[in-house]
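Undergrad: One predicted model, sequence on top.
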Amino acid sequence: MRKPSVPKGTRDFLPGTMRKRNYIFGVIRDVFERYGYQPIETPATEHLDTLTGKYGEEGDRLIFKILSRGDKLRKAIAAGSDSALSEEALRYDLTVPFARFTVQHQNDLTFPFRRYQIQPVWRADRPQKGRYREFYQCDADVVGTGSLRCEAEFVRIFDEVFTALGIPVDIRINNRKLLSAVASSVGAPERMTELVTAMDKLDKLPLERVKDELRQKEFSEEALTALERILASAARGDAASGVPDALAELLGEFPEGKKGLEELQYIFSKTDKPGLATARLRFDLSLARGLNYYTGAIFEVVPRTDAQVGSICGGGRYDDLTGIFGMPDMSGVGISFGADRIYDLLEAVGGFPEKETEGTTVLFVNFGEAEGDYCAERVHALRAEGIKAELYPDAVKMKKQMKYADDLNIAFTVLAGEDEIRRSVLKVKQMKTGVQEEIPEAELGKYIKNI
RNA sequence: GUGGGUGUAGCUCAGUCAGGUUAGAGCGCCAGGUUGUGGCCCUGGAGGCCGUGGGUUCGAGUCCCAUCACUCACCCCA
């Protein structure tokens, strides 16, 4: 028999891992809830045409398509293999399904509608370190308002979540309108996408390499010089809280540039009072974001650590995402947390709090039928007090039961044999220190809670 | 989509270059040393179609071909 295994790019999660994952999901969910977002779920699969064309050429290729089943598959194979694809595909992200959802249920929703959604998504990518074919996204979006207060609020959500998780982050912000102005000012207004994907590489590649790439795409030398001037004026540094004046001057003369600048400055001003707890908001002109539906603000969150995990969140405003599903003029803005990368990051820096990630607190050793009955009652009492407790199911050798407690990292074991039961006491052992004490049976819960 | 790497015990890996008895180690697992005490230590044990198929050879974990799987990097992205 073949060794059991899971498909490429997917993973099983063992209990220890699940506790840590649930901790992350819990922190994010708490913040979403506190900001008034409502939970929804959508199916794993969507109609293929719901997804195609929404993520750009590259994205379309990475959509996980599904084969036909049964008769259709048999017929398709007989006819020619390519048509064996069905009209369904696994969802690629949570934003497009949400757009579909919004249009479909528009009469049942009250706008502006704030929703959050924590579910897996799938990409037919070649997996590599920190990248999987199946992974979770935690999205929050609000549709039905163009108010920039939403953008400012998302900045606060980033701040709250990462403050709670203990990860210092930079929230990078940019605006697609500004990027459009960049394209105009280099004399290639219709080629924003190409320009922007090249600029996005600036934090990895030196300027010259990026210019070479643009030359290959037949951008003129004048365009490159103009671009270089813009980049120089946008250089980060002292302009910690806003857009550099020099850049504002260069791009302000274009209508979309002016608009983009105003939007950015508004968002900066609304995250001022009160200020952010631990996150820093940073303008970054080279931030582009691959998804081509963004139209206004765009976000990306990167940890302020050495760990090479890349961005752990993304987001932005899309003025007309629902338009393609037949519901025009519905502006939305949203963000997405990459739970798997946050996990890897917390693991790397040892950032998981012990208390949030432990299982059973108390194990009762099983000495036999009568003693077991007695312990079962004590277990019941502890559970009623909110303490995680269990009785070992079999009266097997004590060594085995103690080892079980040790393996599962259970903090306390309770020994109650004939003698203890007669005297109404429990022998409690702290596994970490080995200290063992006799406790009156009624005080066990109190004893556990006090340590 | 492009390029590299690796498949040997539950896990991590040696053995492959130079083919030759019964394929090894560490960790883990099981049992015992210890009949009411986990970790540390000691003793013993179980566990392998050497990814799969074919070929070369007297003989293949080792060489050749094919195939599958996993993995890393690029592109792109969370």
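TA: Arrived safely. Numbering: from 1, shown residues only, chains lettered A, B, ... in the order given.
Undergrad: just for chain A, where's the confidence low?
TA: Counting by pLDDT under 70, chain A has low-confidence residues at A:1-2, A:69-84, A:235-241, A:290-291, A:306-309.
Undergrad: domains of it?
TA: Taking automatic domain parsing as the domain assignment, the ranges for chain A are A:15-349, A:358-450.
Undergrad: Nearest approach to A:V6 belongs to which of the ones you listed?
TA: domain A:15-349 (9.3 Å; Cβ to Cβ). Quick note: C-beta positions are derived from backbone N, CA and C, even for glycine.
Undergrad: how long is that closest one from one end to the other?
TA: For domain A:15-349, the first and last residues are 20 Å from each other (Cα to Cα, to the nearest Å).
Undergrad: Next one: it, is it in contact with RNA strand B?
TA: Yes - Domain A:15-349 reaches RNA strand B (Cβ under 7 Å from any atom of the strand) through A:56, A:58-59, A:62, A:93, A:123, A:125-133, A:135, A:137, A:197, A:200-201, A:204, A:289-291, A:310-314, A:336, A:338, A:340-341.
Undergrad: Is there a neighbour count for the closest residue in space to A:V96 that isn't next to it in sequence? I'd like the number.
TA: Spatially, and ignoring its direct neighbours in sequence, A:V96 is nearest to A:K54 (4.9 Å; Cβ to Cβ, 6 or more residues apart in numbering). Counted with other Cβ atoms under 10 Å, the neighbours of A:K54 add up to 20.
Undergrad: tell me the contacts of A:K54?
TA: Contacts for A:K54 (Cβ atoms under 8 Å, 6 or more residues apart in numbering) come out as A:92, A:96, A:293, A:324.
Undergrad: hang on, the last one in a helix?
TA: Put plainly, it is A:I324. Yes - the assignment for A:I324 by DSSP: H, G, I helix; E, B strand; the rest coil puts it in a helix.
Undergrad: Out of the contacts of A:K54, which is nearest to A:I167?
TA: Using Cβ to Cβ, the contacts of A:K54 come closest to A:I167 at A:Y92, 26.4 Å.
Undergrad: Can you name the residues that contact the residue lying closest to the closest one once chain neighbours are set aside?
TA: Of all residues beyond its chain neighbours, the one nearest A:Y92 is A:I63 (5.3 Å), with distances taken as Cβ to Cβ, 6+ apart. Residues near A:I63 by Cβ under 8 Å, 6+ apart: A:48, A:51-52, A:55, A:89-90, A:92, A:123-124.
Undergrad: Inside strands: which ones of these?
TA: Among the contacts of A:I63, DSSP state E puts A:89-90 in strands.
Undergrad: what's the closest of the contacts of A:I63 to A:A246?
TA: A:Y55 (34.7 Å).
Undergrad: related to what we said a few turns ago, put the buried members of the residues of domain A:15-349 next to RNA strand B into a PyMOL selection.
TA: Those of those that count as buried under 16 or more other Cβ atoms under 10 Å are selected in PyMOL with:
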select buried, chain A and resi 59+93+123+130+132+133+135+137+197+200+289+291+311+312+313+314+336+338+340+341
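Undergrad: pretty sure A:E418 contacts A:E371?
TA: Yes - if you go by Cβ atoms under 8 Å, A:E418 and A:E371 touch, sitting 7.1 Å apart.
Undergrad: which of those two has more neighbours?
TA: A:E371 (20 against 12).
Undergrad: Over to the more buried one. Which of the three states is it?
TA: The three-state label given to A:E371 by three-state DSSP is helix.
Undergrad: picking up where we left off before, would you convert the contacts of A:K54 into TSV that also reports neighbour count?
TA: Formatted as TSV, those follow (neighbours: other Cβ atoms under 10 Å):
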residue	neighbour count
A:Y92	22
A:V96	24
A:Y293	21
A:I324	16
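Undergrad: Which of the residues you listed fall in helices?
TA: A:V96 (DSSP state H).
Undergrad: Same list (the contacts of A:K54) but as TSV, adding distance to A:V142.
TA: Formatted as TSV, these follow (distance: Cβ to Cβ, whole Å):
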residue	distance to A:V142
A:Y92	21
A:V96	16
A:Y293	16
A:I324	19
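Undergrad: Tell me what A:L391 is bridged to.
TA: A:F364 (DSSP bridges).
Undergrad: Any idea how many residues pack against it?
TA: Using other Cβ under 10 Å, A:L391 has 22 other residues around it.
Undergrad: ok, back up a step: relative to RNA strand B, which of the contacts of A:I63 is nearest.
TA: RNA strand B has its nearest neighbour among the contacts of A:I63 in A:R123, at 5.3 Å by Cβ to the nearest atom of the strand.
Undergrad: That closest one against A:L62, yeah?
TA: Yes - between A:R123 and A:L62 there is a contact at 4.7 Å, judged by Cβ under 8 Å.
Undergrad: can you list residues touching both of those two?
TA: A:Y92.
Undergrad: re the thing from before, tell me which of the domains of chain A lies nearest to A:K3.
TA: Among the domains of chain A, if distance is taken as Cβ to Cβ, the winner is domain A:15-349, at 19.1 Å.
Undergrad: hey, which of the domains of chain A is tucked in deepest?
TA: domain A:15-349 (a mean of 18; mean count of other Cβ atoms under 10 Å).
Undergrad: Could you list which residues are in contact with the residue lying closest to A:G26 once chain neighbours are set aside?
TA: With Cβ to Cβ, 6+ apart as the criterion, A:G26 has its nearest non-adjacent residue at 7.9 Å, and that residue is A:E356. Applying Cβ under 8 Å, 6+ apart to A:E356 gives the contacts A:19, A:23, A:26.
Undergrad: how close does the second one sit to A:G16?
TA: Right, A:Y23. Shown here: A:Y23 relative to A:G16, a distance of 11 Å by Cβ to Cβ, to the nearest Å.
Undergrad: hey, what's in contact with both of these two?
TA: Common neighbours of A:Y23 and A:G16 (Cβ under 8 Å, 6+ apart) are A:T357.
Undergrad: Surely A:G257 is in contact with A:P189?
TA: No - A:G257 lies out of contact with A:P189 (Cβ under 8 Å); the separation is 11.2 Å.
Undergrad: Common neighbours of the two, please.
TA: In terms of Cβ under 8 Å, 6+ apart, A:G257 and A:P189 are both contacted by the residues A:S180.
Undergrad: Which stretches in the stretch 251-400 of chain A count as helices?
TA: Assigned by DSSP state H, counting those that start in this stretch, the stretch 251-400 of chain A shows helices spanning A:255-270, A:339-349, A:369-384, A:398-407.
Undergrad: Turn the ones you listed into a markdown table, columns for distance to A:A226.
TA: Output for the helices of the stretch 251-400 of chain A, formatted as a markdown table (distance: least, Cβ to Cβ, whole Å):
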| stretch | distance to A:A226 |
| --- | --- |
| helix A:255-270 | 13 |
| helix A:339-349 | 36 |
| helix A:369-384 | 70 |
| helix A:398-407 | 65 |
